[in-house]
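**Student:** need a 3D model of the sequence below.
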Amino acid sequence: MKKLLLIIGFLPVLSFAQGQSSNKADSIKNVNAIKYYTKAIIKKPNDSTAYFKRGDAKYNLNDFKGAIRDFDQAIKLNPKYEDAFLERGLSKHSLNNEQGAISDYNHALVLKPNSSVAYYDRGIVKKALGDYKGAIADYNQAIAIDPKDEDFYNDRGLAKKNLEDYTGANDDFSHAISINPKNTGPYFNRAYSKIHLEDYKGAIEDFDSAIKLDPSDPDNYNGRGEAKSYSEDKKAAIEDYNKAIALKPNFTDAYNNRGRSKYDLEDYTGSIADYAKAISIDPKYASAYYNRGLSNEKLSNYNDVIDDCSKYIQLAPKDPDGYFKRGCAKFNLEDYKSAIEDYNLTLSLDTKYKDALYNRGLSKRHLEDYKGAIEDYNKVIELDPKYSDAFNSRGYAKYMLKDPGACADFKTASDMGNEYAPDNITKYCK
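**Tutor:** Numbering: from 1, shown residues only. Presented below is the predicted three-dimensional model:
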């Protein structure tokens with residue numbers, strides 16, 4: 001059975017598409033630009049550059065629809081205006097019109113086939129659409145044209161990460177760092193690649209570098225906490241989560257991750273408090289409900305487990321773990337029929353969920369459905385011939401049915417080191 005351990009993933013300082021203003025906060029400048037170019041358009045209504053400049057200012061003020069109208073006019077006046085296609089593509093992407101953005105980048109590339117910016121921006125859109133291979137192909141083209149742009153390598157690394165090519169991603173982030181050692185983003189991203197590669201020491205070193213460059217970014221401390229947690233230094237991980245939360249008091253991931261470290265240190269009450277805090281900030285934070293259920297289970301708070309798992313199921317209905325853990329809580333409350341219903345739901349999502357099959361067999365046994373229990377144990381053993389509990393429990397079910405094969409199952413379980421089987425041999429196989 002899998003657990004939701006930590007919320008890990010790449011939370012990079014993502015590169016913005018080329019051509020976007022580096023200082024969008026300068027709203028006064030952009031407002032003045034709009035006024036200036038509006039006057040210019042009145043004087044020269046066929047000036048494509050004036051429409052483009054006004055559209056760029058609108059884009060910088062997040063008026064994407066207004067920007068598109070101006071870029072439309074610029075392109076109408078000058079169908080070969082490459083920058084207008086690029087900027088209109090950015091605006092469409094900002095409005096989630098991904099196909100429209102790709103169409104504009106395609107037009108830009110027809111006008112200028114060696115435009116690294118057009119390839120890069122199109123790659124960003126493809127990555128947003130989940131076409132990671134297509135994105136990488138575009139980043140490859142951008143890099144071939146301009147091999148000194150760190151963003152190209154960083155974003156290609158992110159696309160490789162999504163394809164679980166962590167070694168390739170690691171190499172790209174390293175290349176980005178070699179171009180600009182003072183950018184925290186590639187250190188951060190490379191650290192997460194190293195976590196996936198189980199190089200926790202290397203990950204911590206990269207987070208250290210990111211923190212040295214930017215000690216005010218809570219994501220860096222949260223990430224380093226994850227790396228320390230995976231390296232089994234739970235107390236040091238909690239210290240980093242504390243720092244992340246001090247910098248960002250509404251940091252749900254940090255509360256969830258700190259809760260997991262407390263759980264691993266058997267501080268179940270403390271972990272529950274952290275999950276509750278994460279939920280209070282974001283009532284739709286699914287992982288916190290599931291993880292709180294795990295802590296409540298350790299404290300035998302089975303009613304609370306059921307509540308937490310039920311909420312988790314609402315938010316993540318396709319995860320079999322939620323149904324399984326709720327079924328386990330019901331089993332512990334001796335509601336075997338309802339437990340079976342949850343195990344059935346678990347198995348409808350994952351037919352090879354061994355623990356659900358085994359626990360369903362136990363539930364059937366408690367309901368004296370020994371034949372049904374044996375069927376489940378058989379399936380468990382078929383999936384895992386070394387599952388000693390299944391042999392031991394099957395032996396008991398066979399004994400209740402007066403099946404002479406019971407003792408053979410007890411002996412097999414005993415030979416595997418099952419702690420209960422020897423007593424069953426003594427009790428039932430005289």
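
**Student:** and the chain, what are its domains?
**Tutor:** As given by automatic domain parsing, the domain ranges for the chain are 12-197, 319-430.

**Student:** the residue lying closest to residue 156 once chain neighbours are set aside is in what secondary structure piece?
**Tutor:** Distance criterion CB to CB, 6 or more residues apart in numbering; nearest residue to residue 156, sequence neighbours excluded, is residue 139 at 3.9 Å. Glycine gets a C-beta too; all of them are placed from N, C-alpha and C. Assigned by DSSP states H and E, residue 139 falls within helix 132-145.

**Student:** show me where the stretch 151-300 of the chain has helices.
**Tutor:** 166-179, 184-196, 200-213, 218-230, 234-247, 252-264, 268-281, 286-298 (DSSP state H, counting those that start in this stretch).

**Student:** what's the closest of those helices to residue 51?
**Tutor:** Closest of the helices of the stretch 151-300 of the chain to residue 51 is helix 184-196, at 33.9 Å (criterion: CB to CB).

**Student:** show me what that closest one is packed up against.
**Tutor:** Judged by 3 or more CB pairs under 8 Å, 6 or more residues apart in numbering; DSSP states H and E, helix 184-196 is in contact with helix 150-162, helix 166-179, helix 200-213, helix 218-230.

**Student:** export those helices to TSV and tack on mean neighbour count, mean pLDDT and distance to residue 379?
**Tutor:** As requested, these are exported to TSV (neighbours: other CB atoms under 10 Å; pLDDT from 0 to 100; distance: least, CB to CB, whole Å):
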stretch	mean neighbour count	mean pLDDT	distance to residue 379
helix 150-162	25	97	35
helix 166-179	20	98	35
helix 200-213	20	98	37
helix 218-230	26	97	33
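
**Student:** nearest to residue 421 among the ones you listed would be which one?
**Tutor:** Comparing these by CB to CB, helix 218-230 comes nearest, at 35.2 Å.

**Student:** buried sites along stretch 75-92?
**Tutor:** 75, 77-78, 81-92 (16 or more other CB atoms under 10 Å).

**Student:** of all those, which comes closest to residue 231?
**Tutor:** Ranked by distance to residue 231 (CB to CB), the buried residues of stretch 75-92 are led by residue 90 at 40.9 Å.

**Student:** what helix or strand is that closest one located in?
**Tutor:** With DSSP H and E as criterion, residue 90 is part of helix 82-94.

**Student:** and that helix, average pLDDT?
**Tutor:** Helix 82-94 carries an average pLDDT of 96.

**Student:** point out where the stretch 1-150 of the chain drops to low pLDDT.
**Tutor:** Within the stretch 1-150 of the chain, the stretches with pLDDT under 70 are 1-25.

**Student:** any chance you could map the strands in it?
**Tutor:** Using DSSP state E, counting those that start in this stretch, the stretch 1-150 of the chain contains no strands.

**Student:** now the helices for it?
**Tutor:** 27-43, 48-60, 64-77, 82-94, 98-111, 116-128, 132-145, 150-162.

**Student:** tell me the angle the first one makes with helix 48-60.
**Tutor:** Taking axes from the mean of the first three to the mean of the last three CA atoms, to 10 degrees, one finds helix 27-43 and helix 48-60 inclined to each other by 150 degrees.

**Student:** quick one: residues in contact with the helix holding residue 139.
**Tutor:** 114-117, 119-120, 122-124, 126-127, 149, 152-153, 155-156, 159-160, 162-163 (CB atoms under 8 Å, 6 or more residues apart in numbering).

**Student:** can you give me how far it is from the chain middle?
**Tutor:** The chain centre lies 24 Å from the centre of helix 132-145; the measure is CA atoms, centre = their mean, to the nearest Å.

**Student:** buried residues in it, which are they?
**Tutor:** So, applying 16+ other CB under 10 Å, buried residues of helix 132-145: 132, 134, 135, 136, 137, 138, 139, 141, 142, 143, 145.

**Student:** as CSV, the residues you listed with distance to residue 54 would be great.
**Tutor:** Formatted as CSV, these follow (distance: CB to CB, whole Å):
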residue, distance to residue 54
132, 36
134, 33
135, 31
136, 35
137, 34
138, 29
139, 31
141, 31
142, 28
143, 33
145, 30
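
**Student:** and the residues you listed, which two are furthest apart?
**Tutor:** The most distant members of these, if one measures by CB to CB, are 132 and 145, lying 20.5 Å apart.

**Student:** how many other residues sit next to residue 287?
**Tutor:** Residue 287 has 23 neighbours, counted by other CB atoms under 10 Å.

**Student:** coming back round to it: residue 294 is nearest to which of the domains of the chain?
**Tutor:** Using CB to CB, the nearest of those to residue 294 is domain 319-430, at 7.3 Å.

**Student:** how far off centre is the closest one?
**Tutor:** Offset of domain 319-430 from its chain centre (CA atoms, centre = their mean): 33 Å.

**Student:** any idea of the mean pLDDT for it?
**Tutor:** 97.

**Student:** first-to-last residue distance for that domain?
**Tutor:** Domain 319-430 has its terminal residues 45 Å apart, counting by CA to CA, to the nearest Å.

**Student:** likewise stretch 245-260?
**Tutor:** First residue to last in stretch 245-260 (CA to CA) measures 15 Å.

**Student:** buried ones in it?
**Tutor:** Buried-residue list, stretch 245-260, by 16+ other CB under 10 Å: 245, 247-248, 251-260.

**Student:** ok, which pair from these is furthest apart?
**Tutor:** 247 and 260 (19.5 Å).

**Student:** on that earlier part again, which of the helices and strands packed on helix 184-196 sits closest to residue 187?
**Tutor:** Of those, nearest to residue 187 by CB to CB is helix 200-213, at 4.2 Å.

**Student:** please enumerate the helices of the stretch 301-430 of the chain.
**Tutor:** Under DSSP H, counting those that start in this stretch, the stretch 301-430 of the chain gives helices at 302-315, 320-332, 336-349, 354-366, 370-383, 388-400, 406-415, 421-428.

**Student:** what angle do helix 286-298 and the second one make with each other?
**Tutor:** Taking the same axes, to 10 degrees, helix 320-332 and helix 286-298 form an angle of 20 degrees between their directions.

**Student:** now the fourth one
**Tutor:** Using the same axes, to 10 degrees, one finds that helix 354-366 and helix 286-298 are set 40 degrees apart in direction.

**Student:** could you do the first one as well?
**Tutor:** Counting by the same axes, to 10 degrees, helix 302-315 points 160 degrees away from the direction of helix 286-298.

**Student:** gap between helix 302-315 and the chain center?
**Tutor:** Distance, centroid of helix 302-315 to centroid of chain: 21 Å (CA atoms, centre = their mean).

**Student:** by contact count, what packs against that helix?
**Tutor:** helix 286-298, helix 320-332.

**Student:** now distance to residue 30 too, for those, in a markdown table please.
**Tutor:** Below are these laid out as a markdown table (distance: least, CB to CB, whole Å):
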| stretch | distance to residue 30 |
| --- | --- |
| helix 286-298 | 39 |
| helix 320-332 | 47 |
